[in-house]
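>>> can you look at this prediction? I've put the sequence above it.
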Amino acid sequence: MECPICGAELLYHDKFGRLAAHQDGKALGEIYKCPNGESQDGTCASELFHVVGSFYLYLDDGVLREGYPC
């Protein structure tokens, strides 16, 4: 998967969902990081995100979104 801003290959970071011990364990989506955004060297505007270089997608629709899931 490519960064929609700079075209770099996104790196898988984690999953999110109802994963706590008292929940049902369902993963709702995945979190990716742009290596250029994380380097904060001006090569990707994702370095300006609240969570630097982060993108996420919900597994049910597969749409990549900018930022970090709340």
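The structure has been received and is ready for your questions.

>>> going by C-alpha atoms from here, please, whenever you check contacts or count neighbours.
Noted.

>>> chain neighbours aside, what residue packs nearest to residue 27?
Among residues not flanking residue 27 along the chain, residue 17 sits closest, at 4.5 Å (C-alpha to C-alpha, 6 or more residues apart in numbering).

>>> any idea how many residues pack against that neighbour?
Residues lying near residue 17 (other C-alpha atoms under 10 Å) number 15.

>>> and the strand or helix carrying it, average pLDDT?
Assigned by DSSP states H and E, residue 17 falls within strand 11-18. Mean pLDDT, computed over strand 11-18, is 97.

>>> now do the helix or strand just after that strand against strand 11-18, angle only.
Sequence order places strand 26-33 as the next helix or strand after strand 11-18, per DSSP H and E. Using axes from the mean of the first three to the mean of the last three C-alpha atoms, to 10 degrees, one finds that strand 26-33 and strand 11-18 are set 150 degrees apart in direction.

>>> got the buried residues for strand 26-33?
For strand 26-33, the neighbour count (16 or more other C-alpha atoms under 10 Å) marks 29, 30, 31, 32, 33 as buried.

>>> can you give me the pLDDT of the most centrally placed residue in the chain?
By C-alpha atoms, centre = their mean, the chain has its centre lying nearest to residue 55, at 2.6 Å. The confidence metric pLDDT takes the value 98 at residue 55.

>>> contact partners of the strand or helix carrying it?
If you go by DSSP H and E, residue 55 is part of strand 54-58. With contacts defined as C-alpha atoms under 8 Å, 6 or more residues apart in numbering, strand 54-58 is touched by 28-34, 37, 46, 63-69.

>>> 10 Å instead?
Outside strand 54-58, the residues within contact range by C-alpha atoms under 10 Å, 6 or more residues apart in numbering are 3-4, 10-17, 27-35, 37-38, 46-49, 62-69.
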